[in-house]
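>>> after the sequence you'll find the predicted model.
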Protein chains: 4
Amino acid sequence: MPFKHTFRVHWVDTDFAGVMHFTNFLRYFEACEEEFYRSISLPFNTIREKFGIMLPRIEVRCLYKTACHFDDLVEITMSVREVAEKTITYDFQMVRLHDGKLAAEGSVKCIAVNSQWKAVSLPAEIAKSLRENGT
Amino acid sequence: MPFKHTFRVHWVDTDFAGVMHFTNFLRYFEACEEEFYRSISLPFNTIREKFGIMLPRIEVRCLYKTACHFDDLVEITMSVREVAEKTITYDFQMVRLHDGKLAAEGSVKCIAVNSQWKAVSLPAEIAKSLRENGT
Amino acid sequence: MPFKHTFRVHWVDTDFAGVMHFTNFLRYFEACEEEFYRSISLPFNTIREKFGIMLPRIEVRCLYKTACHFDDLVEITMSVREVAEKTITYDFQMVRLHDGKLAAEGSVKCIAVNSQWKAVSLPAEIAKSLRENGT
Amino acid sequence: MPFKHTFRVHWVDTDFAGVMHFTNFLRYFEACEEEFYRSISLPFNTIREKFGIMLPRIEVRCLYKTACHFDDLVEITMSVREVAEKTITYDFQMVRLHDGKLAAEGSVKCIAVNSQWKAVSLPAEIAKSLRENGT
């Protein structure tokens, strides 16, 4: 089931053009991802401490459809597209709640690495939970 | 001819994992783009004031290859891949100067919009300069 | 009555030292301020559109007491210390909710400016609401 | 002798009001501090690796005098005001180079902590170098 996360665009998120800076869409995608992992009882700290891994990004893509402005209430819908041996791919959609317009859609691909930043297999417990809860 | 821009990774660019946060690669891509436009005598302010247009991003993609750390000296090479009627696409490569490793590569696609955020044709002078200087 | 705002420390808020970067405390102070103004039906957009003013900062001060880490739940308490003719001063306290420790305390002084960035008197309606609701 | 560091205001540094966001002044103060330490052959990484200490901020203050805009060339002048047993205090001034106007002035106080974040005496070599080079 897709996961939803709502946030408000802050003043600091905007730029000279009066809209949310393009990099901040990706910051909110990541905030959504953090909330998703917490919702499945696997917050990043647990993943780090219990399994000894981190999940750095190896690919990010975002299509910008409609600008977001200060104070807009925005909803992100995130789903896990693929859980591979060492990688996870998420899809994101961001919608402006006041008019339902699609603001952006994107994807993020992460890889499991150990504390030496070497790619490793995704722990089975994480893979299972992602398949059960994120798709 | 590709354009080059060098910067140092600041403390604030790093995160808990000890590496440059993935969104900051894109911030530096944009800083490089700003320097490129200034180098061809078309800084963003001129584009805005003289031609009445802005160039918001409509698509961003980045592949992360090697982490960058605090104090790393990093070089971005940027080239203009395509100048279409209303859009411009750039390619970026980021290399760590201390070992020559590719840190990231990505592309950014912008669209010309007027002050009402309506897509418009790219002014001929800008298109010409991009073709002559950025490819 | 003081206003309270709770947030979670995001991954992007942290730095190489594993703690929230010192500038992000101030970003959250501002986010709290935005929520406070919305709570008294005077969101920044209304202030801008209805009264033609903005409230840029002229002074910021922050004392850092205890580090905040990724995923910490943190509460900001904000109160309006002074409403002068053209300026407003707020006090902020930030507390880590898991142990009640004071993370930081600070103050922010803003000045009312018109669209030409000239200092102007604070509109009576805003001053009144701040005195009634923020102290 | 005061240390000087020049930078250009980037698009991402600006906000909806068309000016550099107030937190970014502090980011540039820190970037200046990083360059200063590198200039005296004590980059933060050396301080961390050779002496086992870090220098987190315990107090920050900034007075904002004149707004900075996108593309402004800005110069920071930094001096070491005080080197105490465990703390260092710097003063910063930021000037817009196109008109010489003072943009902001502030101070930052840091404390030496070991890897357990316990306050410790500043290593003599660092204190000496700061007194000789930063004042």
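Ah, there it is. Numbering: from 1, shown residues only, chains lettered A, B, ... in the order given.
>>> C-alpha from now on. contacts and neighbour counts both.
OK.
>>> contacts only, for the residue lying closest to residue A:12 once chain neighbours are set aside.
Excluding the flanking residues, the one nearest residue A:12 by Cα to Cα, 6 or more residues apart in numbering or on different chains is residue D:15, at 6.2 Å. Contacts for residue D:15 (Cα atoms under 8 Å, 6 or more residues apart in numbering or on different chains) come out as A:11-18, D:21.
>>> now render these as TSV, adding pLDDT.
Output for these, formatted as TSV (pLDDT from 0 to 100):
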residue	pLDDT
A:11	97
A:12	97
A:13	98
A:14	97
A:15	96
A:16	93
A:17	93
A:18	93
D:21	98
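>>> tell me which of the residues you listed is nearest to residue A:125?
Closest approach to residue A:125 among the contacts of residue D:15 (Cα to Cα): residue A:13, at 35.8 Å.
>>> run a quick neighbour tally on the closest one.
Each residue near residue A:13 was counted by other Cα atoms under 10 Å in any protein chain shown, and the total is 27.
>>> swap in residue A:118?
That count, for residue A:118 with other Cα under 10 Å as the rule, works out to 10.
>>> doesn't residue A:99 belong to a strand?
No. Checked against DSSP: H, G, I helix; E, B strand; the rest coil, residue A:99 lies outside a strand; its state is coil.
>>> what pLDDT does it get?
At residue A:99, the model reports a pLDDT of 98.
>>> can you tell me if stretch A:65-84 touches chain B.
Yes. Using Cα under 8 Å from any Cα of the partner chain, stretch A:65-84 reaches chain B at residue A:65.
>>> meant to ask about stretch A:33-52, not that
No. Counting by Cα under 8 Å from any Cα, no contacts exist between stretch A:33-52 and chain B, the nearest distance being 10.2 Å.
>>> ends of that stretch, what's the gap?
In stretch A:33-52, first residue to last residue: 19 Å (Cα to Cα, to the nearest Å).
>>> what parts of chain A come near chain D?
Residues of chain A lying close to chain D by Cα under 8 Å from any Cα are A:11-19, A:21, A:70.
>>> show me the contacts for the residue of chain A most remote from its centre.
Centroid-distance maximum for chain A: residue A:16 at 25.8 Å, with Cα atoms, centre = their mean. Residues in contact with residue A:16 (Cα under 8 Å, 6+ apart) are D:11, D:14-19, D:70.
>>> run the last query once more with 6 Å
Contacts for residue A:16 (Cα atoms under 6 Å, 6 or more residues apart in numbering or on different chains) come out as D:14-16, D:18.
>>> and what of residue A:94?
By Cα under 6 Å, 6+ apart, the contact list for residue A:94 reads A:75-76, A:103-104.
>>> let's see the pLDDT reported for it.
98.
>>> in three-state terms, label it for me.
Classification of residue A:94 using three-state DSSP returns strand.
>>> since we're on the residue lying closest to it once chain neighbours are set aside, how many residues are nearby?
Once flanking residues are discounted, residue A:94 sits nearest to residue A:76: 4.4 Å by Cα to Cα, 6+ apart. Applying other Cα under 10 Å, we find 27 residues neighbouring residue A:76.
>>> by how many degrees do the longest helix along chain A and helix B:22-39 diverge?
Assignment by DSSP state H gives helix A:22-39 as the longest helix of chain A. Put simply, helix A:22-39 runs at 180 degrees to helix B:22-39, going by axes from the mean of the first three to the mean of the last three Cα atoms, to 10 degrees.
>>> now helix A:22-39: mean pLDDT?
In this model, helix A:22-39 carries a mean pLDDT of 97.
>>> tell me the buried residues in it?
A:22-37 (16 or more other Cα atoms under 10 Å in any protein chain shown).
>>> now do the contacts for residue A:53.
Contacts of residue A:53 by Cα under 6 Å, 6+ apart are A:113-114.
>>> phi, psi for residue A:126 please.
Here is the backbone geometry of residue A:126 (degrees, to the nearest 10): phi -70, psi -50.
>>> hang on, I meant residue A:13
Note on residue A:13: its backbone torsions stand at phi -80, psi -20 [degrees, to the nearest 10].
>>> find the nearest non-adjacent residue to it, please.
residue A:20 is the one closest to residue A:13 (Cα to Cα, 6+ apart), at 5.2 Å.
>>> right, and that neighbour touches residue A:14 too?
Yes. If you go by Cα atoms under 6 Å, residue A:20 and residue A:14 touch, sitting 4.1 Å apart.
>>> what's the spacing between the residue nearest to residue A:12 and chain C?
11 Å (Cα to the nearest Cα, to the nearest Å).
>>> do residue A:78 as well
Using Cα to the nearest Cα, we find residue A:78 at a distance of 17 Å from chain C.
>>> next, the angle from the helix or strand harbouring that residue to helix A:22-39.
Following DSSP states H and E, one finds residue A:78 within strand A:73-83. Strand A:73-83 runs at 70 degrees relative to helix A:22-39, counting by the same axes, to 10 degrees.
>>> dump strand A:73-83 to CSV, keeping only the CA atoms.
Taking Å, rounded to 0.1, in the frame of the first residue of the first chain, the C-alpha atoms of strand A:73-83 are listed here in CSV:
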residue,chain,number,x,y,z
LEU,A,73,0.0,22.0,1.8
VAL,A,74,1.5,19.2,-0.2
GLU,A,75,1.1,15.4,-0.1
ILE,A,76,3.6,12.9,-1.1
THR,A,77,2.6,9.4,-2.1
MET,A,78,5.5,6.9,-2.0
SER,A,79,5.5,3.3,-3.1
VAL,A,80,8.3,0.7,-3.3
ARG,A,81,8.6,-0.2,-6.9
GLU,A,82,11.3,-2.8,-6.7
VAL,A,83,13.3,-4.7,-4.0
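>>> list the helices and strands that strand packs on?
In terms of contacts (3 or more Cα pairs under 6 Å, 6 or more residues apart in numbering or on different chains; DSSP states H and E), strand A:73-83 is packed against strand A:3-8, strand A:87-96.
>>> of all the ones you listed, which lies closest to residue C:82?
For residue C:82, the closest of those is strand A:3-8, at 27.7 Å, according to Cα to Cα.
>>> distance between the closest one and the chain's centre?
11 Å (Cα atoms, centre = their mean, to the nearest Å).
>>> try stretch A:59-67
Computed by Cα atoms, centre = their mean, the separation of stretch A:59-67 from the middle of its chain amounts to 13 Å.
>>> cool, and stretch A:79-96?
Computed by Cα atoms, centre = their mean, the chain-centroid distance of stretch A:79-96 equals 8 Å.
>>> any idea how far apart the tips of that stretch sit?
Stretch A:79-96 has an end-to-end distance of 18 Å (criterion: Cα to Cα).
>>> and of the buried residues of helix A:22-39, the nearest to residue B:48?
Closest approach between the buried residues of helix A:22-39 and residue B:48, by Cα to Cα: residue A:22, at 18.2 Å.
>>> what's the closest non-adjacent residue to the closest one?
The shortest distance from residue A:22 to any non-neighbouring residue, by Cα to Cα, 6+ apart, is to residue B:57 (7.1 Å).
>>> run a quick neighbour tally on the nearest residue to residue A:42 once chain neighbours are set aside.
Excluding its sequence neighbours, the residue lying closest to residue A:42 (Cα to Cα, 6+ apart) is residue A:126, at 7.8 Å. If you count neighbours by other Cα under 10 Å, residue A:126 ends up with 16.
>>> on that earlier part again, which ones are touching the residue nearest to residue A:13?
Counting by Cα under 6 Å, 6+ apart, residue A:20 makes contact with A:13-14, A:68-69.
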